[in-house]
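> kindly return the folded structure for what I paste below:
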Amino acid sequence: MNFYRKALVILFALTLAALCGCAGADSAPADKSGAVEMTDNTNDEAYQAAMEGGLKALGINPEELGIKPDVITDSSKEIGYQLEKPAEGDTIAVVKTSMGNFSMRFFPEFAPKAVENFIKLAKDGKYNNTVFHRVVKDFIVQGGHIGKDEKQPNGVSSYGKEFEDEFCDKLFNIRGAVSMANNGRDSNGSQFFINQMSNKKFQENGGWSFYDNIWKESCEQLKQYKDNKQFLSAYIDENGDRLINTDTVPKDVKSLYVSKGGNPNLDGAFNAADRGNTVFAQVYSGMPVIDKIAQLKVDAKNVPEESVIINSIQITKYTQPKK
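Residues are numbered from 1 along each chain as shown. Below is the predicted model of the structure:
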């Protein structure tokens, strides 16, 4: 087994260990009110490039496998806009934990369902006294599990059931991005995570060359299974979370990860199997708290030995600091 094949296996194991959940369940259709208009993806340039350079280029028809990407695109936003500070009056969240506080801004224009879910749960006090139950240094800090419904292992959402993914070509799992935890398409609940990987660690892990080689390895596997639908479906179900088609990732997006760090394998916008994690917020203040949590000792299941409690989450309006 060569280095990149080993790396592929390790990456998949790490993703599974950090993002718990189950296959997607029935979920209500997304409420598009207040969101940007969705483009017709069958004619969208980015969508066509992803499909032609992804599964279709390998002789695989994604629609026969139930893969129909639904990516929000918006040319009015610049790549990296998620790093901007909130504007006066924007809704923000102040997360108060036993190890310190951090603040985050939301993106309701691109992830309306996930934002509404988080804000409703926070206002109702559902996150109070929950913990960050999984910590993977140089990857993510994950928490926010609500309820004990075995049918919703990602936590019970404000909708009472799992809800669908919301992918956008302007929001990415860069360092500080807050995303929904899942383990399969459209299986979002209450759990969320903060991407913690630094740009230094991103480069140490091989940068984009690492992901380029994983994509090449994945393509070889897909070619082997393409004439057997049963095997192909099983492979994609098992490995879809890491099928990021690096050939279709714009240079500006790659540069963003190089400068900021993060986990591009979690992005849904460029995933050949329509898999990923919905980015709905960004930490703009308090990342040292996240880094401090990431340093905690954990057990074999990545559970911190020292409990980190979410005492409360305050939903409020952003005001510019007085000079």
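> okay, CA-based contacts and neighbour counts for the rest of this
Will do.
> contact partners for the residue nearest the centre of the chain?
The residue lying closest to the centre of the chain (CA atoms, centre = their mean) is Asn277, at 2.7 Å. Contacts for Asn277 (CA atoms under 8 Å, 6 or more residues apart in numbering) come out as Asp165, Phe167, Ser179, Met180, Ala181, Asn182, Leu266, Asp267, Gly268.
> I'd like to know which of these is nearest to Lys229.
Nearest to Lys229, judged by CA to CA, of the contacts of Asn277 is Gly268 at 22.9 Å.
> tell me the contacts of Gln314?
Contacts of Gln314 (CA under 8 Å, 6+ apart): Ala93, Val94, Val95, Lys96, Ala122, Lys123.
> restricting to C-alpha, output the strand or helix carrying the fourth one in PDB.
In this structure, Lys96 sits in strand 91-97 according to DSSP states H and E. What follows is strand 91-97, C-alpha atoms only, in PDB (Å, rounded to 0.1, in the frame of the first residue of the first chain):
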ATOM      1  CA  THR A  91     -27.400  38.600  14.000                       C
ATOM      2  CA  ILE A  92     -24.600  37.000  15.900                       C
ATOM      3  CA  ALA A  93     -24.100  34.300  18.500                       C
ATOM      4  CA  VAL A  94     -21.900  34.600  21.600                       C
ATOM      5  CA  VAL A  95     -21.100  31.100  22.700                       C
ATOM      6  CA  LYS A  96     -20.100  31.000  26.400                       C
ATOM      7  CA  THR A  97     -18.200  27.900  27.500                       C
END
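> mind listing the strands it pairs with, and their directions?
Here strand 91-97 has these sheet partners by DSSP bridges: strand 100-106 (antiparallel), strand 309-317 (antiparallel).
> okay, buried residues for the last one please.
Going back to what we said before, that points to strand 309-317. Buried residues in strand 309-317, defined by neighbour count with 16 or more other CA atoms under 10 Å: Ile309, Ile310, Asn311, Ser312, Ile313, Ile315.
> with stretch 290-300 instead?
By neighbour count on 16+ other CA under 10 Å, the buried set for stretch 290-300 is Ile290, Asp291, Ile293, Ala294, Leu296, Val298.
> then stretch 66-85?
Pro69, Asp70, Val71, Ile72, Thr73, Ile79, Gly80, Gln82, Leu83, Lys85.
> what's the distance between the first one and Gly59?
Translated: Pro69. 18 Å (CA to CA, to the nearest Å).
> since that was my last question, I'll sign off now.
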